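Q: heads up, no residue letters with this:
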């Protein structure tokens, strides 16, 4: 599992962001941090979302609360799309009878 983890320090230097930004995202619940032997890591599966958050923050000047709203709306949209697909599939069953 540790091979799928990326150090927060490495991320901060690579993306040129401050550790306080990562801490704020963590405190808001937007990312999860794993602590191993006093070192903080993030799972590689979260990198894509982290990159989106960084772009929102730096390029569009969206604050942490705004990023939280954006990601909550994106999650809600995903749930609604899944529900719509489920309902379409059920409707097809009845149309074929």
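A: On my side now, so go ahead. From a predicted model like this one, the values you see are computed outputs, not experimental measurements.
Q: buried residues in the longest helix along the chain?
A: Scanning the chain for the longest helix, with DSSP state H as the assignment, gives helix 64-95. Residues of helix 64-95 classed as buried by neighbour count (16 or more other CB atoms under 10 Å): 64, 67, 68, 70, 71. Every C-beta, even on glycine, is put in place using the N, C-alpha and C of the backbone.
Q: show me the residues around residue 96 that make contact.
A: The contact partners of residue 96, by CB atoms under 8 Å, 6 or more residues apart in numbering, come to none.
Q: Check which element follows the longest strand along the chain along the chain.
A: Longest strand in the chain by number of residues, with DSSP state E as the criterion: strand 39-43. Note on strand 39-43: by DSSP states H and E, the next helix or strand toward the C-terminus is helix 47-59.
Q: The helix or strand hosting residue 23 packs against which elements?
A: Applying DSSP H and E as the criterion places residue 23 in helix 19-28. Packing partners of helix 19-28 (3 or more CB pairs under 8 Å, 6 or more residues apart in numbering; DSSP states H and E): helix 8-15, helix 47-59, helix 64-95.
Q: Just want the most central residue of this protein.
A: Closest residue to the average C-alpha location of the chain: residue 49 at 3.7 Å, with CA atoms, centre = their mean.
Q: Redo the helices and strands packed on helix 19-28 as a markdown table? Include mean pLDDT.
A: A markdown table is the format used below for the helices and strands packed on helix 19-28 (pLDDT from 0 to 100):
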| stretch | mean pLDDT |
| --- | --- |
| helix 8-15 | 94 |
| helix 47-59 | 96 |
| helix 64-95 | 95 |
